[in-house]
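# no sequence on hand, only this structure:
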Ligand code: SF4
């Protein structure tokens, strides 16, 4: 708290962390944020969590990149070996002119050799306009679709199932719509830690008598508010959900009218479910048949029900099947397209919805329009006044790392992503980055990925940008610059434009509003949404008129598919890619913590957040620790077939006795050294949520 003497400016903008998209009033003095207050945004109604309230000071950290850097010719071999406090052992400072010429020149050289050889990772931490420009730069500048971003690591499987089953990859209802629900399922997510403001709505729902069904292999905190708490076995999701749907069919609790009017493939779905009785599935999912039937009755009895899910659902080789099951469950109970009902994958990063909408994915142009459709490509190249580009889907995040090892990708442009921490089997990814002939990294800190760069371009934090951002609710909001970037750092869109010009592209943007205007030409989702309107207020897409604040609920009158019908897609039970055995007898689950954000580059440089959680840690059941002879606070060695990390152990009764939970924000015990790069065949998302692991007592590292 403070008074007006503590600040000389107030700026309204949006939180840079999670997909909830809380609106914040920043109190600024001498170009520094002094403190913040939550304001009445559509998603947060004045509420904030600890990250939004205290996590802004990383922008003033001495590690901020303030000048362009070029790798020195006499630098040591590339590796995770640059001291962020002493960059000049590996890099030298350069002018913007020199750095941009070197960055673009290296990429152009590879383009002009036999292959395109170049791939790009854009960022869900950038604005919609910056995401749009990034995908345009790769497609127009290199002629192919090798462009992706972190959606591949969080909800690609959910989007894949949603597009297939209901015809659209975004949520069908805002999370705030739970106010009108009387039953809700929250599965495979830990919103109290990862979407804390959304969790406040879930808790209020339960307190006023809403029936809350919480399903997760961990006993997540929201379970305290649940009427049904299903702590299923890791990897048992499809068996559990099919058993619940079996019970709904068996007891004829489904919504026959809704199914007849709005869906297809119901008979095949019913037939499929016959093989998944609760009795048969109980040993696989670890939930007793009575509990499965009780949850089925509660959900089906609700007049309006919502289903929320997170990366516990999506990050499996059966992630798309998991999401299909949830969609099937909503459809058979008629829970789409009415108040208090809907499907809602809780999106992770502040702009992962917007970056995906803007086409930062290898199979889709903006608004999920297929790159394989000639008419779609020509609509874009007409606006871009450029030649056609490849009609083949590009490579996804993990596929790009494999392609580097195979010599098919030799250069990369990485903006605000950190694959040297975030990729599965990360030693494989780090070796790939070291192999690149030319790596351009654009970021605010020397991330682990920037350790491998040939050219580093210093960019701006979210608090230093102009641009729009789209939250998990499909709400498009205006991000305003609160401070100016430090030193010579620049806004990302400016850097993208300068690189594009040096790649010979016809770009002439002076402001992100011009980019937004161009996006609207081929993005129907932005109809009736203008930059000027967003300056005044947030708008939820779709907006049906210039006055319509937008539609919190969609598909009340049918789906954007043939004949307006959604489709049931049966899912079979398939085992995880690797299962525990005598050598690796336990299951490793990775995830986030309340105070730390993704690869830690921001929150570990934020004083308050890092003070609360300063050290890498893992959690195990007290009985498991006791059997290992490890006291809480002592250290354990976690080993999988990919590698080993040593980390401090905590006791947590919420973790199943044969599981280990490991947060992925800590470079000193990088969780992804351990994870499995096996992919879901549809969404191409890795199986972060299930690796076979062995645990042994260790000394402090
Ligand atoms: Fe920021 Fe998410 Fe917390 Fe809101 S809930 S303040 S958007 S991190």
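Looks like it came in fine. Please read all numbers here as calculations on a predicted model, not as lab measurements.

# number of residues surrounding the closest residue to residue 38 other than its chain neighbours?
Leaving aside its chain neighbours, residue 38 sits nearest to residue 48 (4.0 Å; criterion: Cβ to Cβ, 6 or more residues apart in numbering). Quick note: C-beta positions are derived from backbone N, CA and C, even for glycine. Counted with other Cβ atoms under 10 Å, the neighbours of residue 48 add up to 21.

# OK, contacts around residue 48?
By Cβ atoms under 8 Å, 6 or more residues apart in numbering, the residues touching residue 48 are 15, 22, 24, 36, 37, 38, 197.

# how much space between residue 558 and the ligand?
Distance, residue 558 to the ligand, using Cβ to the nearest ligand atom, to the nearest Å: 32 Å.

# just confirm that residue contacts residue 262, I think it does.
Yes. With contacts counted by Cβ atoms under 8 Å, residue 558 reaches residue 262, the gap being 6.3 Å.

# the more surrounded of these two?
residue 262 (22 against 14).

# doesn't residue 661 lie inside a helix?
No. Assessed by DSSP: H, G, I helix; E, B strand; the rest coil, residue 661 does not belong to a helix; its assignment is strand.

# that one and residue 593 touch, don't they?
No. In this structure, residue 661 is not within contact of residue 593 by Cβ under 8 Å, at 9.7 Å.

# these two: which is more packed in?
residue 661 (24 against 21).

# which strand residues bridge the more buried one?
residue 589, residue 619 (DSSP bridges).

# rewinding a little: shared neighbours, residue 558 and residue 262?
Residues touching both residue 558 and residue 262 (Cβ under 8 Å, 6+ apart) are 564, 565.

# pLDDT score for the nearest residue to residue 40 once chain neighbours are set aside?
Excluding the flanking residues, the one nearest residue 40 by Cβ to Cβ, 6+ apart is residue 46, at 5.5 Å. Among the per-residue scores, residue 46 holds a pLDDT of 97.

# the residue in the stretch 351-500 of the chain positioned nearest to the ligand: neighbouring residues, count only.
Going by Cβ to the nearest ligand atom, the ligand is nearest to residue 471 of the stretch 351-500 of the chain, at 7.7 Å. When neighbours are defined as other Cβ under 10 Å, residue 471 has 31 of them.

# which parts of the stretch 601-701 of the chain sit against the ligand?
The stretch 601-701 of the chain comes close to the ligand at no residue, as judged by Cβ under 6 Å from any ligand atom.

# check contacts around the residue in the stretch 601-701 of the chain that the ligand sits nearest to.
Closest contact between the stretch 601-701 of the chain and the ligand, by Cβ to the nearest ligand atom, is at residue 603 (10.0 Å). Going by Cβ under 8 Å, 6+ apart, residue 603 touches 51, 55, 58, 595, 596, 597, 609, 610, 665.

# leaving out sequence neighbours, find the closest residue to residue 526.
Using Cβ to Cβ, 6+ apart and skipping the chain neighbours, the partner closest in space to residue 526 is residue 520 (4.7 Å).

# which element follows the host helix or strand of that neighbour toward the C-terminus?
Here residue 520 sits within helix 512-521, counting by DSSP states H and E. Note on helix 512-521: by DSSP H and E, the next helix or strand toward the C-terminus is helix 531-536.

# please list the outside residues in contact with the helix or strand just after that next one.
For helix 531-536, the succeeding helix or strand toward the C-terminus, using DSSP H and E, is strand 539-540. Under the criterion Cβ under 8 Å, 6+ apart, residues 42, 174, 473-476, 528-529, 533, 549-552 lie in contact with strand 539-540.

# again, but for stretch 74-86
62-63, 89-91, 420, 430, 433-434, 445-446, 448, 450-452.

# all strands of the stretch 451-600 of the chain, in order?
Using DSSP state E, counting those that start in this stretch, the strands found in the stretch 451-600 of the chain span residues 455-458, 467-470, 475-479, 539-540, 566-567, 586-591.

# tell me which of these sits most buried.
strand 467-470 (a mean of 29; mean count of other Cβ atoms under 10 Å).

# burial check on residue 388, number of neighbours?
Neighbours around residue 388, by other Cβ under 10 Å: 12.

# show me how far the helix holding residue 520 is from its chain's centre.
24 Å (Cα atoms, centre = their mean, to the nearest Å).

# ok, which of the contacts of residue 48 also contact the ligand?
15, 22, 197.

# chain center to stretch 552-564, what's the gap?
With Cα atoms, centre = their mean as the basis, stretch 552-564 stands 25 Å off its chain's centre.

# name the residues of the stretch 1-150 of the chain found near the ligand, please.
Residues of the stretch 1-150 of the chain lying near the ligand by Cβ under 6 Å from any ligand atom: 15, 17, 18, 20, 21, 22, 44, 48, 49, 51, 52.
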